[in-house]
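Novice: Give me the fold of what follows.
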Amino acid sequence: MAKQFKLQKLFLLMSTISLGAFSTNAISSGFMLWEQDAASIANYHAGVAAIANDASTNWYNAAGLTRINNKELVLGVDPILTDFRFKGTVDNHLMLIPSGPQTVTAQGGTFNLVPFGHYALPINNRIALGFSVDVPFGLKTDYEENNFVRYSATLTDLKVVDVSPSIAFAITDKLSIGAGPDWQRLRAELDEVIGAIIPENDTDSTNVGYSSAWGYHAGILYQLTPQARVGVNYRSKITHHVKGNSEFSGPIANGFMDGTQRSGNFESEATLPPTTSLGLFYAPNPCWDLLAHVSYTQWTYFEELDLENVAGLTEVMTEFGPVPEPTNSLEVIIPEHYRNTWNVSLGANYHPNERWIIRTGIGYDESPAKNKYRNLQLPDSDRIGVGLGGHYQPTKCVGFDIGWTHIFAMNTRINNLTQEFGPEKVTTNGSVHSNADVYGLGVKFDFA
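Specialist: So this is what the prediction gives:
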């Protein structure tokens, strides 16, 4: 029997992941992460498809690898601090046992680290190779388990790690192209509480899924003038077929008989969206760089998820009324209906001398979430980002980047969203105030 899963971010577990050693937070459109190095954080990723000034261009536009003159290695980490504050009501209804709306105030933000690594290897003045390891999608929200909000959401921890080798060719002195495959590893854990008013009845639902999948990326870089260039980059959609385990443990499991139900056949499918980016770089004089970025993400591929073989309860009608029945094959249909989005940003770099670069940027990021389907696991909204940072080059072979972006998320609402997990229905209604701080710490090694 198809049921809308109240654990709506299980659907994200089909599309974003964690490799266990670190966690990420969704602070860009939907659960996409723009930040794949330290330098671009200071510019709010303005111009990244056209800058091509270090090995991180392998991720942003592989065609830019032909501009790298020496072997380069860029390593670092992006600390992310998010704040999701919900104030409203949660109404839990398990079969014939209603709670009535309970007023709650809850915090779901966390602190996490997102690592990155990029390598560039020029072969000759026309051909170059690149290799990157990044986290392009991620989500983590974590609400208090002793708060009534636990019936709507507790922990959602999801990530995608992307490994992307590339090859680039300089067709002419002005035109370069680059392309390569993307291999992704997806892992996610979702914890949830199912209950019937009395805390002693709380039962834990834990769901873990894994997937590996392939996609591709391709880019073009064109030098308009000695001072200006334009880049276009495309990253394909990637479909994940997720398999894992689902566990339902506590007093309500096994038809209110206590114990643990386990399903080793948990599975689903989801498609991560393709993105097309345009970058502009212009250096009017040796002291200044002007940057611009626009990207279009086709989130409409993310319509719904069909989760299969979830451990939980189903409701069977008898002559005496509804009776709970344990099942490890619950099917869950999750409507999402994401919309396509635009992201735009402008930035500038100031070069006071050969050792220092001062960077700044500002941008706007649309949310793919529609008001009708927004949920507490990912209370996504439109946002504005403001960035600041710099680069220091103490030696010819080693340079350091630092960046900071503050995300001003628009206040938004969850409008009487009802989610179902078998016989349990939870209605969430209230306002969400959120923001984030993204930091970047990176080091560049130039093997001249």
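Novice: For the protein, name the helix or strand with the lowest mean pLDDT.
Specialist: Every helix and strand of the chain was ranked by mean pLDDT, DSSP states H and E. The lowest is helix 10-13, at a mean of 33.
Novice: Give me the pLDDT value at Gly387.
Specialist: At Gly387, the predicted lDDT confidence score is 97.
Novice: give me the number of residues near it?
Specialist: 26 (other CB atoms under 10 Å). To be clear about C-beta, it is placed using only N, CA and C from the backbone, and glycine gets the same treatment.
Novice: I'd like to know how many residues surround the closest residue in space to Ala448 that isn't next to it in sequence.
Specialist: In space, and not counting its chain neighbours, Ala448 is closest to Asn70: 4.6 Å by CB to CB, 6 or more residues apart in numbering. Neighbours of Asn70 under the rule other CB under 10 Å: 14.
Novice: And the next helix or strand past the least confident helix or strand of the chain?
Specialist: helix 39-42 (DSSP states H and E).
Novice: where do the helices sit along the protein?
Specialist: Ranges of helices in the chain, per DSSP state H, are 10-13, 39-42, 48-51, 57-60, 253-256.
Novice: Throw those into TSV and include distance to Cys287 and mean neighbour count, thanks.
Specialist: Shown next, in TSV, are those (distance: least, CB to CB, whole Å; neighbours: other CB atoms under 10 Å):
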stretch	distance to Cys287	mean neighbour count
helix 10-13	44	30
helix 39-42	17	28
helix 48-51	16	30
helix 57-60	22	32
helix 253-256	67	18
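Novice: about what we covered before: pretty sure the residue nearest to Ala448 is touching Ala128, no?
Specialist: No. Asn70 lies out of contact with Ala128 (CB atoms under 8 Å); the separation is 10.6 Å.
Novice: Common neighbours of those two, please.
Specialist: Pro122 (CB atoms under 8 Å, 6 or more residues apart in numbering).
Novice: related to what we said a few turns ago, closest to Thr110 out of the helices of the chain?
Specialist: Among those, helix 10-13 comes nearest to Thr110, with 15.2 Å by CB to CB.
Novice: Contact partners for the residue nearest to Ala448?
Specialist: Under the criterion of CB under 8 Å, 6+ apart, the contact list for Asn70 reads 122, 446-448.
Novice: show me where pLDDT drops low in this structure?
Specialist: Filtered on pLDDT under 70, the chain yields the residue ranges 1-29, 95-96, 98, 196-197, 320-321.
Novice: the longest strand in it is where?
Specialist: Secondary structure of the chain per DSSP state E: the longest strand is strand 198-225.
Novice: Tell me the strands beside that strand, with direction?
Specialist: Its sheet considered, strand 198-225 pairs with strand 175-196 (antiparallel), strand 228-235 (antiparallel), strand 238-249 (antiparallel) by DSSP bridges.
Novice: now that strand, how far from the centre of its chain.
Specialist: 7 Å (CA atoms, centre = their mean, to the nearest Å).
Novice: do the same with stretch 207-227
Specialist: 15 Å.
Novice: Just the CA trace of that stretch, in PDB.
Specialist: In PDB, the C-alpha atoms belonging to stretch 207-227 read as follows (Å, rounded to 0.1, in the frame of the first residue of the first chain):
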ATOM      1  CA  ASN A 207      17.200   4.200   7.200                       C
ATOM      2  CA  VAL A 208      20.600   4.000   5.400                       C
ATOM      3  CA  GLY A 209      21.200   3.800   1.600                       C
ATOM      4  CA  TYR A 210      24.100   3.700  -0.800                       C
ATOM      5  CA  SER A 211      24.600   4.200  -4.500                       C
ATOM      6  CA  SER A 212      27.300   4.600  -7.100                       C
ATOM      7  CA  ALA A 213      26.500   6.200 -10.500                       C
ATOM      8  CA  TRP A 214      28.200   7.800 -13.500                       C
ATOM      9  CA  GLY A 215      27.700  11.100 -15.300                       C
ATOM     10  CA  TYR A 216      29.900  13.500 -17.300                       C
ATOM     11  CA  HIS A 217      31.000  17.100 -17.600                       C
ATOM     12  CA  ALA A 218      32.100  19.300 -20.500                       C
ATOM     13  CA  GLY A 219      33.200  22.900 -20.900                       C
ATOM     14  CA  ILE A 220      34.400  25.600 -23.400                       C
ATOM     15  CA  LEU A 221      36.700  28.500 -22.700                       C
ATOM     16  CA  TYR A 222      37.200  31.300 -25.200                       C
ATOM     17  CA  GLN A 223      39.600  34.300 -24.900                       C
ATOM     18  CA  LEU A 224      37.700  37.200 -26.200                       C
ATOM     19  CA  THR A 225      40.600  39.700 -25.800                       C
ATOM     20  CA  PRO A 226      43.800  39.600 -23.800                       C
ATOM     21  CA  GLN A 227      41.900  41.000 -20.900                       C
END
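Novice: Next, the buried residues of it.
Specialist: The neighbour-count check on stretch 207-227 (16 or more other CB atoms under 10 Å) flags 207-209, 211, 213, 215-223 as buried.
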